[in-house]
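J.: I would like to see how this sequence folds:
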Amino acid sequence: MLFEIRFGILTSKDMDTSLRESLIQSISDAIDMLYQIQLPSGAFPNYSSSDKEMEEYCRFDHCVFSSTIIGCCLMFSENEKVLRILQKIRRFLAFEMIYPGVWCYWSSESNLKIMPDMDDSCCASFLLRKNHPYILRGENIPLLLRNRSEKGLFYTWLNPLPDDPEEQNDIDSVVNSNVILYLGEREETKKTIDFLNRIVLENREESTYWYYLNNLALYYMMSRAYFSGARSLHRSADSIIRKVTSMQSQNGSFGDELKTALAISTLLNYNFSDSTILTKGIEFLLATRTRTGVWRKLAFYAGPQYPRPHSVWFGAEALTTALCLEALLRFDGTIAANENEQGRS
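T.: Model (predicted):
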């Protein structure tokens, strides 16, 4: 049953005209918003808050990470404005790089100091893998591969001192998923891929991540690593699809706008094509846009470092909007691809 649903055909016939028009307009509005608010540095505004709902106490957060996520979301569009946005993001990342290709969470504008980490480094490297000579040559790969535990899993922090005790580091499953996004399948990542598959199949997801807020963040990061070439992650694909689809409410939501965007992109990364589930999710996203045509600020990740309790949450209108835009772009792209395939046949 699940196999048949995953490979169904989704076309514009599954949508009425008004929904199709709203989809196209929403994509255009989201791109315009991101184009307009991108900072001169190439970064995007991000916020931290002691309120997990991010409705109060928001402070500007000069960081690298949110811009890497936004950049990855936009890679599914060839729109001229999107290409300019990506060019500026890559220029920003090149400026913030520490040789041989690692990044810290906070940008140089913040005046805050923190160790380089695998999450920022691998997401930024993925965006620059075809554009920067250090990354093209893989100059950072030996350093990243050394940052593993005895069990073959990747630590979050790239400790500058080799004699730092392990207790100062941690292993986060979502971070490890982003490591696989960049490093892909190789001998040194087999144990990480096996770990990610096992925690899903054994229903142990929630005990394996710290910096992210729900299982959908894990599924999303795993699915994009799979989509980008880590095909051994297919062993957990059906389980993830089953778990994600079970989260959908009658109104099409998977929890809120951000979670719904993560869910839709996750399903599409696994080539899931059930028109009812996907269309209801897209309808929910289109219905939850703000009056300015974008999406509200919602927390995507949290801190501080493990194991201290979460006391600060991070997110932005730009980040939520980019994740929603990715879902819309992927949905629209699936429709176009299916119709082109039908036309050729």
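
J.: please enumerate the strands of the stretch 201-345 of the chain.
T.: 299-303, 312-315 (DSSP state E, counting those that start in this stretch).

J.: longest helix in the chain, please.
T.: Scanning the chain for the helix with the most residues, using DSSP state H, yields helix 317-344.

J.: who are the packing partners of that helix?
T.: helix 17-37, helix 65-73, helix 257-269, helix 275-287, strand 299-303 (3 or more Cβ pairs under 8 Å, 6 or more residues apart in numbering; DSSP states H and E). Bear in mind the C-beta positions are built from the backbone N, C-alpha and C, glycine included.

J.: beyond the longest one, next helix or strand please.
T.: Reading on from helix 17-37 to the C-terminus, the next helix or strand found by DSSP states H and E is strand 47-49.

J.: strands paired with that next one, and their directions?
T.: In the sheet, strand 47-49 lines up against strand 58-60 (antiparallel), strand 312-315 (antiparallel) (DSSP bridges).

J.: among those strands, which comes closest to residue 97?
T.: Residue 97 lies closest to strand 312-315 among the strands paired with strand 47-49, at 21.5 Å (Cβ to Cβ).

J.: can you list contacts of the closest one?
T.: With contacts defined as Cβ atoms under 8 Å, 6 or more residues apart in numbering, strand 312-315 is touched by 46-52, 54, 61, 63, 66, 213, 258, 297-304.

J.: which of these are buried?
T.: 46-49, 54, 61, 63, 66, 213, 258, 297-302 (16 or more other Cβ atoms under 10 Å).

J.: need the nearest residue in space to residue 240, chain neighbours excluded.
T.: residue 219 (4.9 Å; Cβ to Cβ, 6 or more residues apart in numbering).

J.: ok, now how distant is the one you found from residue 279?
T.: According to Cβ to Cβ, to the nearest Å, residue 219 and residue 279 sit 20 Å apart.

J.: looking at these two, which has the bigger crowd around it?
T.: Taking other Cβ atoms under 10 Å, residue 219 and residue 279 do not tie; residue 219 has more neighbours (29 against 18).

J.: contacts only, for that one.
T.: 200, 240, 243-244, 262-263, 266.

J.: do you know the pLDDT at it?
T.: At residue 219, the model reports a pLDDT of 99.

J.: do the same with residue 169
T.: Reading off the confidence values, residue 169 has pLDDT 91.

J.: hang on, the earlier thing: which of the contacts of residue 219 ranks first by neighbour count?
T.: Among the contacts of residue 219, residue 266 has the most neighbours (other Cβ under 10 Å), with 29 neighbours.

J.: that residue and residue 242 touch, don't they?
T.: No - here residue 266 does not reach residue 242: they are 11.9 Å apart, not a contact under Cβ atoms under 8 Å.

J.: got any ranges where the chain has weak pLDDT?
T.: 1-15, 160-168, 336, 338-345 (pLDDT under 70).

J.: before we move on, back to that, tell me which of the helices and strands packed on helix 317-344 sits nearest to residue 84.
T.: helix 17-37 (7.2 Å).

J.: who does that closest one touch, helix- and strand-wise?
T.: For helix 17-37, the packing partners by 3+ Cβ pairs under 8 Å, 6+ apart are helix 80-96, helix 275-287, helix 317-344.

J.: redo that, cut-off 10 Å
T.: Helices and strands touching helix 17-37, by 3 or more Cβ pairs under 10 Å, 6 or more residues apart in numbering; DSSP states H and E, are helix 65-73, helix 80-96, helix 275-287, helix 317-344.

J.: so which bits of the second one are buried?
T.: So the one you mean is helix 80-96. In terms of neighbour count (16+ other Cβ under 10 Å), helix 80-96 has its buried residues at 81-82, 85-86, 88-90, 92-94, 96.

J.: need those residues in JSON lines with distance to residue 331, can you?
T.: Output for the buried residues of helix 80-96, formatted as JSON lines (distance: Cβ to Cβ, whole Å):
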{"residue": "81", "distance to residue 331": "20"}
{"residue": "82", "distance to residue 331": "16"}
{"residue": "85", "distance to residue 331": "20"}
{"residue": "86", "distance to residue 331": "20"}
{"residue": "88", "distance to residue 331": "26"}
{"residue": "89", "distance to residue 331": "23"}
{"residue": "90", "distance to residue 331": "26"}
{"residue": "92", "distance to residue 331": "28"}
{"residue": "93", "distance to residue 331": "28"}
{"residue": "94", "distance to residue 331": "32"}
{"residue": "96", "distance to residue 331": "32"}
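
J.: tell me how far the residue nearest to residue 126 when sequence neighbours are not counted lies from residue 306.
T.: Of all residues not flanking residue 126 in the chain, residue 182 sits nearest, at 4.5 Å (Cβ to Cβ, 6+ apart). Going from residue 182 to residue 306 by Cβ to Cβ gives 22 Å.

J.: contacts only, for residue 296.
T.: 54-55, 256-258, 288-290, 315-317, 320-321 (Cβ atoms under 10 Å, 6 or more residues apart in numbering).

J.: top of those by number of neighbours, please.
T.: residue 321 leads those on contacts (other Cβ under 10 Å) with 31 neighbours.

J.: for that residue, give me its contacts.
T.: The contact partners of residue 321, taken as Cβ under 10 Å, 6+ apart, are 26, 29-31, 33-34, 37, 44, 70, 73, 257-258, 261, 289-290, 292-297.

J.: same thing with residue 236?
T.: Listed by Cβ under 10 Å, 6+ apart, the contact partners of residue 236 are 193, 196-202, 219, 222-223, 226, 243, 270.
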